[in-house]
Each structure stands twice: as C-alpha cells, then as structure tokens.
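>>> here is the input, now give the coordinates:
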Amino acid sequence: MKTTSSSRRNFMKFVGVSSLVAVTPMMAADTNTPHIVVVGGGFSGATCAKYLKMWGGSSVNVTVIEENPTYVSPILSNLVLNGQKTTSDLSFTYGGLSSKYSINMIHSIVNNVDKKAKTLTLANGNSVKYDKLVLAAGIDFIKVNDYDITKVPHAWKAGEQLNILKEQLDAMVDGDTFTMTIPAAPYRCPPGPYERACVVADYLKNTKGFSNAKVTVLDANPNITVEADTFGAKFVEYGVEYKPSTTVTAVDDNTNTLTYTEDSVSKTLSSTVLNVIPNQKAASIIFTAGVNTGNWAPVNPLSYESVMTNGIYIIGDSQGTGQPKAGHIGNSEAKICADAILRTLNGIALLTSPKTNSACYSPTSATTASWLSAVFKYDSSSQSMVPSHVKAGPSATSNYKKMFLWSENLFSDTFS
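Residues are numbered from 1 along each chain as shown. Predicted coordinates:
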C-alpha cells in the first residue's frame with residue numbers, strides 16, 4: 001500500500017507516532033492500493049468515506065455507491081411539515097466530498113453481493129470489486145399490506161414522501177383529523193415520531209388557528225419510548241389523543257382507514273390525513289449480502305465488522321448493536337469503522353474501548369425543542385456497547401436555537 005508523505009503524516013497523527021514501525025512494512029505498489037467500497041451516502045456512509053480518505057490519504061481508494069445524487073436529511077425534516085424548512089434546505093450533494101477527498105461516486109443500486117469474489121453487481125449493469133465493503137444503506141419497511149404510500153405516506157425518508165405529507169396537512173380544514181402510527185422499537189429516529197406529533201399539533205392549533213382539529217397517535221410500544229415526561233406533557237397541552245400498545249393490521253388507502261388492535265380488540269379508525277410509519281428492518285442489501293440475523297446485522301462493536309463475514313462492515317441504521325438508529329450516532333460509528341479498517345490494513349491493533357455519542361434535539365413547537373444525549377462505551381465482559389452517560393433537556397426556546405447549531409455542525413462534518 002503506497003502513500004504520499006502528506007497522507008502518511010495524516011495517518012501517523014491518526015494512529016499515534018508509536019505505531020510507525022507497524023505501518024511502514026505495509027507500504028506497497030499503487031496496484032495494490034486497497035479499494036474500500038461504501039454502499040450508502042447518508043450520515044454513516046458519507047462520514048466513513050470522508051474519514052477513510054482524511055486519515056488514509058492515497059493509501060486507500062474509496063468508492064461510494066449511492067442511488068440518489070442528492071441526500072435529503074431526516075434530521076430537522078419534521079420542520080418541513082410546519083413550513084420552517086423545505087426539503088431543499090435539507091438537501092446535500094456529493095460534489096464537494098468527491099473533489100476534496102478524491103472519493104469516487106457511483107449513483108446506482110447494488111443488486112448482488114458476491115462475497116467470495118468480493119464483487120458487487122449494480123443495477124446499471126456494471127460491477128465493482130472491493131477489498132473492504134462498508135454497508136451503510138439505512139432502513140427498510142415492514143408494511144402490513146400493499147397500500148399506496150403516495151396516498152398514505154410514511155414521510156420517514158425525507159424528500160418526496162415528506163412533501164406529500166406536507167401538502168396533505170396544508171389542505172386540512174378545521175375539524176379534520178390527523179392520525180399517525182409509531183412503529184415498534186427499534187426504529188430510525190430522527191425524524192422522531194413523538195416530536196412529529198407535537199410539531200403537527202402545534203402547526204394545526206397555533207399556526208393554522210384550528211380549534212377543532214384532532215391529532216391521534218397510535219403507538220405500537222407500551223409507552224413513549226424517549227423523553228416520556230416531555231412529550232407526555234406536550235400531548236396534554238396540545239390535546240393529542242395517545243393510544244399505546246396498538247398494533248396496525250391493515251391500511252386502506254382508498255378510505256384512509258386503519259385497522260388495528262387495542263387490548264386484543266380489533267378496531268378501525270378513519271382520518272382526513274393518515275401518516276402510517278411502518279415497523280422497520282435493515283436495508284435490503286443486508287439481506288442480499290446474507291449478513292443479517294433476523295431483521296438486523298450483528299457486528300463486532302470494536303470495528304463494526306460483520307460477525308458473519310470478514311471484510312464486510314455494517315454501520316448506521318442497519319447495525320444490530322442495540323445502539324440507537326440515528327444520524328449523529330451513525331456519524332460516530334462511521335469514524336470508529338474508518339479507524340478500524342485503516343488499522344486492519346496496516347496491521348495495527350483495534351481500539352479496545354471505543355465510545356459513541358448519540359445526541360438529538362427534538363422540536364416540540366415552532367419555537368421550542370428538547371434534547372437528549374447518550375454516550376455509549378464498549379463493555380468487554382458482554383462485548384457490547386452500553387450506555388454510560390444519559391442526559392436530557394426540557395422543551396425550551398433556548399434549546400430550539402441550539403438545535404440549529406448542533407445540526408449545522410453535524411451536516412458540515414458529514415458532507416463538507
């Protein structure tokens with residue numbers, strides 16, 4: 001593996017000067033430069049690719065395969081619903097990453113993973129060989145039946161879906177009803193489901209001035225899963241009808257009707273606007289690659305390498321470590337993964353006590369937000385990541401302002 005003097009200095013700074021002897025014997029000809037392919041260009045994938053090149057320089061070739069030329073952030077996406085943001089405001093392209101860090105971008109879908117040959121087959125007909133493969137493709141949905149998501153949007157992947165739901169909300173008149181469902185944990189967040197209910201209720205009541213619009217939340221979980229006191233108080237303030245332990249069994253997109261069970265009793269509910277957020281699982285490529293156990297991909301938290309297939313790493317929403325499925329922690333996992341790949345390529349031992357941080361601000365109105373932060377550390381006895389420090393902040397205008405500083409820092413660290 002050949003590297004320039006500049007990239008060697010960057011990597012020495014990254015691994016520590018004491019590792020110099022371990023790195024030097026690994027230098028080889030250009031033709032042997034390892035090729036690392038990252039599938040997925042969200043917070044996890046883009047960050048991993050960026051830091052592989054920042055730390056590895058010309059000692060690695062990095063390719064990102066991402067279906068879409070523009071990524072729309074799920075973070076802050078609920079603010080599109082009340083008109084404070086647009087999907088354009090939350091859109092990021094990859095030109096800067098590509099030119100600044102010499103990352104090769106391919107906009108296509110991976111149809112097949114040949115683990116023996118280490119080759120990916122793409123929907124555009126091309127194939128890509130890899131030495132190390134990072135899967136950061138996010139989540140997929142488990143729909144209860146084949147309903148039309150252009151009529152009953154989930155709006156859980158920002159972009160067109162979010163704009164559909166925004167248009168439906170804008171068309172509501174006083175007296176109309178909005179019903180949303182919350183999937184069983186684990187699910188990707190943000191966008192947060194409880195914050196969405198608050199943002200929508202505040203929008204209908206305080207922005208549109210409705211006095212008779214009704215917001216109902218059907219939660220598959222037995223209780224509010226995060227910041228229960230904060231969101232519970234807001235639900236009371238806004239008059240949100242909250243129904244825990246409900247299971248959606250069918251969706252009728254022609255009548256906007258849900259069938260669900262509550263206390264083992266089957267019920268139906270029709271609404272003017274229906275926002276069904278299905279249960280979730282790892283992205284389809286995880287199943288294509290055969291690195292899943294159940295709905296998620298088990299990994300070694302020291303590196304995020306699959307416990308099922310060497311040389312394949314899973315970060316972000318698809319990983320099965322028990323850590324949250326969120327953009328901030330995905331960014332954190334990506335750096336540990338990039339670190340681990342470069343160490344492995346250079347014969348250097350992995351970090352033995354990595355830490356990740358999951359921080360999130362949640363808008364609760366057009367002027368207030370709460371926050372939650374959790375630090376996870378590696379526990380050697382259980383070989384898993386466990387929470388070591390959890391703190392939360394109340395709904396407040398000061399937190400609303402800080403939310404944008406937090407998000408801008410994360411956007412910059414990921415896409416710039």
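>>> so how far is residue 336 from residue 144?
For residue 144, the distance to residue 336 (C-beta to C-beta, to the nearest Å) stands at 36 Å. Just so you know, the C-beta spots here come from the backbone N, C-alpha and C atoms, and that holds for glycine as well.
>>> the two: which is more packed in?
In this view residue 144 and residue 336 are compared by other C-beta atoms under 10 Å, and residue 336 has more residues nearby, 24 against 18.
>>> all helices of the stretch 1-150 of the chain, in order?
Along the stretch 1-150 of the chain, the stretches classed as helices by DSSP state H, counting those that start in this stretch are 5-15, 20-23, 43-56, 78-81, 95-101.
>>> ok, now which ones touch residue 337?
The neighbours of residue 337, taking C-beta atoms under 8 Å, 6 or more residues apart in numbering as the test, are 48, 134, 303-304, 313, 315.
>>> report the buried residues of stretch 308-315.
308-309, 312-315 (16 or more other C-beta atoms under 10 Å).
>>> show me the helices in the stretch 151-300 of the chain, by range?
With DSSP H, counting those that start in this stretch as the criterion, the stretch 151-300 of the chain has helices spanning 160-170, 193-202, 228-238, 284-288.
>>> so which of the ones you listed gets nearest residue 127?
Across those, residue 127 has its closest neighbour in helix 284-288 (14.4 Å, C-beta to C-beta).
>>> residue 283 versus residue 160, what's the distance?
According to C-beta to C-beta, residue 160 and residue 283 sit 18 Å apart.
>>> ok, now residue 201?
For residue 201, the distance to residue 283 equals 31 Å [C-beta to C-beta].
>>> picking that back up, for the helices of the stretch 1-150 of the chain, which has the smallest mean pLDDT value?
In terms of average pLDDT, helix 20-23 trails the rest of the helices of the stretch 1-150 of the chain, at a mean of 28.
>>> ok, residue 253 touching residue 148?
Yes - in this structure, residue 253 is within contact of residue 148 by C-beta atoms under 8 Å, at 4.4 Å.
>>> between those two, point out the one with more neighbours.
Between residue 253 and residue 148, residue 253 has the larger neighbour count (other C-beta under 10 Å), namely 16 against 10.
>>> rewinding a little: now intersect the contacts of residue 337 with the strands, please.
When DSSP state E is applied, those are split such that 134, 313 fall in strands.
>>> biggest separation within the contacts of residue 337, which pair?
Among the contacts of residue 337, 48 and 303 lie farthest apart (C-beta to C-beta), at 11.9 Å.
>>> compare these two and say which is more crowded by neighbours.
Neighbours of residue 48 and residue 303, each counted by other C-beta under 10 Å, are more numerous for residue 48; the result is 33 against 18.
>>> circling back to that earlier point, can I get the contacts of residue 337 in CSV with distance to residue 175?
Below are the contacts of residue 337 laid out as CSV (distance: C-beta to C-beta, whole Å):
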residue, distance to residue 175
48, 49
134, 50
303, 55
304, 50
313, 52
315, 46
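>>> biggest strand in this structure by residues?
Using DSSP E, we find that the single longest strand of the chain is strand 384-396.
>>> got the CA positions of that one in CSV?
Coordinates of the C-alpha atoms in strand 384-396 are reproduced here as CSV (Å, rounded to 0.1, in the frame of the first residue of the first chain):
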residue,chain,number,x,y,z
SER,A,384,-21.3,-4.9,23.6
MET,A,385,-21.9,-1.1,23.6
VAL,A,386,-23.7,0.0,26.8
PRO,A,387,-25.0,3.5,27.8
SER,A,388,-22.6,5.2,30.2
HIS,A,389,-24.0,8.7,30.4
VAL,A,390,-27.5,9.8,29.6
LYS,A,391,-28.8,13.4,30.0
ALA,A,392,-31.9,15.2,28.7
GLY,A,393,-33.1,18.8,28.5
PRO,A,394,-36.6,20.2,28.7
SER,A,395,-38.6,21.8,25.9
ALA,A,396,-37.4,25.4,25.7
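>>> what pairs with it, and is each one parallel or antiparallel?
strand 369-379 (antiparallel) (DSSP bridges).
>>> what lies in contact with the partner strand?
226-227, 230, 301-302, 323-324, 329, 352-364, 384-396, 399-400, 402-403.
>>> next, count neighbours for the nearest residue to residue 203 once chain neighbours are set aside.
Closest residue to residue 203 in three dimensions, ignoring its sequence neighbours and counting by C-beta to C-beta, 6 or more residues apart in numbering: residue 82, at 4.1 Å. For residue 82, the tally of surrounding residues (other C-beta under 10 Å) stands at 20.
>>> next, the contact list for residue 82, please.
Residue 82 makes contact with 199-200, 202-203, 207, 366 under the criterion C-beta under 8 Å, 6+ apart.
>>> ok, it to residue 188 distance?
Taken as C-beta to C-beta, the spacing of residue 82 relative to residue 188 amounts to 21 Å.
>>> rewinding a little: among the helices of the stretch 151-300 of the chain, which is nearest residue 66?
Counting by C-beta to C-beta, and looking across all of those, nearest comes helix 284-288 at 11.8 Å.
>>> only alpha carbons, please: show the closest one as CSV.
Extracted as CSV, the C-alpha positions of helix 284-288 are listed here (Å, rounded to 0.1, in the frame of the first residue of the first chain):
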residue,chain,number,x,y,z
SER,A,284,-32.4,-4.8,1.7
ILE,A,285,-28.7,-5.1,0.8
ILE,A,286,-28.1,-6.6,4.3
PHE,A,287,-30.3,-9.5,3.4
THR,A,288,-28.8,-9.7,-0.1
